[in-house]
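J.: sequence first, predicted coordinates after that:
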Amino acid sequence: MNGTPLWLIVPAAGQGRRMAADRPKQYLQLAGRPVLAQTLARLHATFPTARLLLCLDPRDAWFDPAWVPFADWRRVDGGVERAASVALALTAIAEEAADEDLVLVHDVVRPCVHGDDLTRLHAALVDEPMGALLAVPVADTMKRADAAGRVATTEPRDGLWHALTPQGFRYALLRRALDEAGRSSVAITDEASAVEALGLSPRLVAGRRDNLKITHPEDLGLAEQIHAAQILAAQHPASAGRVPDADHRNPGETRA
């Protein structure tokens, strides 16, 4: 696997209107740096030789190339939706990427992804032709609501997982999945769902619960706390409390 080329796609063209901020959420400050810069730093720390495709709004006035630590990277115009951004990135490297090249897609607003999770996901993809994604088992009781906002039923949580990122697939498979989803108007919410629409079952790799996605205003403060705790744990591994992570059951036989 070490010899397989690795591409990182980071969709960062969203406007993040739910944050009600004066700028897209990827440019809000987290521990003294923009969220985007923190996320790219985490990815670079584990995959320093990977090739980065950063999907940005063509009218983006906030981005600073100095925040990108990768030596081999390019800016790609993003689409209106996440899937469109990823598809545009895949098209941009069509003349360079081989079918079996590995592509990892990571949310730009997941700046707390842990290096251990990145390494384990990468290792899981060695012999996984259907791809894999970080995920955590559902821990809360799940309720389904009716149209009036009342509980319609309690859903069994056995076998339910929260999908995280990165999500990794071979280049040819991911491109085919997104192309077919676009032609058939299949509703997809992440790359794995596009691959699932082909009748395939990507592997679930148990990840840490602190791989937070910044979506709402209160998430930024929580991300600050997680980031600080992770830095402390890295500096003082013997004395610092570990941030609670996922129930690391054996993910090798677990399928989506």
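T.: Yes, it's here. Keep in mind the model is a prediction, meaning the values are calculated, not measured. Numbers count the residues shown, from 1 in each chain.

J.: what kind of secondary structure is the residue nearest to residue 179 when sequence neighbours are not counted in?
T.: Counting by C-beta to C-beta, 6 or more residues apart in numbering, residue 179 lies nearest to residue 87, which is 7.3 Å off, once chain neighbours are set aside. For every residue, glycine as well, the C-beta is placed using N, CA and C. Following DSSP: H, G, I helix; E, B strand; the rest coil, we place residue 87 in the helix state.

J.: quick thing: my sequence starts at 897, can you match it?
T.: In the new numbering, first residue 897, that becomes residue 983.

J.: list the contacts for residue 983?
T.: 975, 1071, 1074-1075, 1078 (C-beta atoms under 8 Å, 6 or more residues apart in numbering).

J.: if I look at residue 968, how far off is residue 1047?
T.: 51 Å (C-beta to C-beta, to the nearest Å).

J.: need the helices for the stretch 947-1096 of the chain, in chain order.
T.: Taking DSSP state H, counting those that start in this stretch as the criterion, the stretch 947-1096 of the chain carries its helices at 978-988, 1011-1020, 1067-1080, 1087-1092.

J.: got the contact list for the third one?
T.: Identification of contacts with helix 1067-1080 by C-beta under 8 Å, 6+ apart yields 903, 979, 982-983, 986-987, 989-990, 993-999, 1001, 1025-1027, 1065, 1082, 1084, 1087, 1090-1091, 1093-1094, 1096.

J.: just say which of the helices of the stretch 947-1096 of the chain is most tucked in.
T.: Of those, the one with the most neighbours on average (mean count of other C-beta atoms under 10 Å) is helix 1087-1092, at a mean of 24.

J.: who does the helix or strand following that helix touch, helix- and strand-wise?
T.: Once the chain leaves helix 1087-1092, the next helix or strand it forms, by DSSP states H and E, is strand 1099-1102. Where contact means 3 or more C-beta pairs under 8 Å, 6 or more residues apart in numbering; DSSP states H and E, strand 1099-1102 is packed against helix 1011-1020, strand 1028-1033.

J.: distance to residue 1114 and mean pLDDT for the ones you listed - can I get that in CSV?
T.: Output for these, formatted as CSV (distance: least, C-beta to C-beta, whole Å; pLDDT from 0 to 100):
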stretch, distance to residue 1114, mean pLDDT
helix 1011-1020, 23, 98
strand 1028-1033, 20, 98
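
J.: just checking, residue 1084 touches residue 982?
T.: No: using C-beta atoms under 8 Å, residue 1084 is not in contact with residue 982, being 10.0 Å away.

J.: neighbours around residue 1055, how many?
T.: Other residues near residue 1055 come to 9 when the count uses other C-beta atoms under 10 Å.

J.: likewise for residue 1112?
T.: Residue 1112 - counted by other C-beta under 10 Å - has 13 other residues nearby.

J.: what number of residues lie near the residue nearest to it when sequence neighbours are not counted?
T.: Distance criterion C-beta to C-beta, 6+ apart; nearest residue to residue 1112, sequence neighbours excluded, is residue 914 at 6.0 Å. If you count neighbours by other C-beta under 10 Å, residue 914 ends up with 12.

J.: now residue 996
T.: Using other C-beta under 10 Å, residue 996 is surrounded by 12 other residues.

J.: who's the spatially closest residue to it that is not a sequence neighbour bridged to?
T.: Leaving aside its chain neighbours, residue 996 sits nearest to residue 1066 (5.4 Å; criterion: C-beta to C-beta, 6+ apart). Counting by DSSP bridges, residue 1066 is bridged to residue 998.

J.: wait, residue 1066 sits on residue 1025?
T.: Yes: with contacts counted by C-beta under 8 Å, residue 1066 reaches residue 1025, the gap being 7.0 Å.

J.: tell me which of these two has more neighbours.
T.: Neighbours were counted for residue 1066 and for residue 1025 using other C-beta under 10 Å; residue 1066 has more, 21 against 12.

J.: hang on, the earlier thing: mind listing what the residue nearest to residue 996 touches?
T.: Residues counted as contacts of residue 1066 (C-beta under 8 Å, 6+ apart) are 995-999, 1025, 1027.
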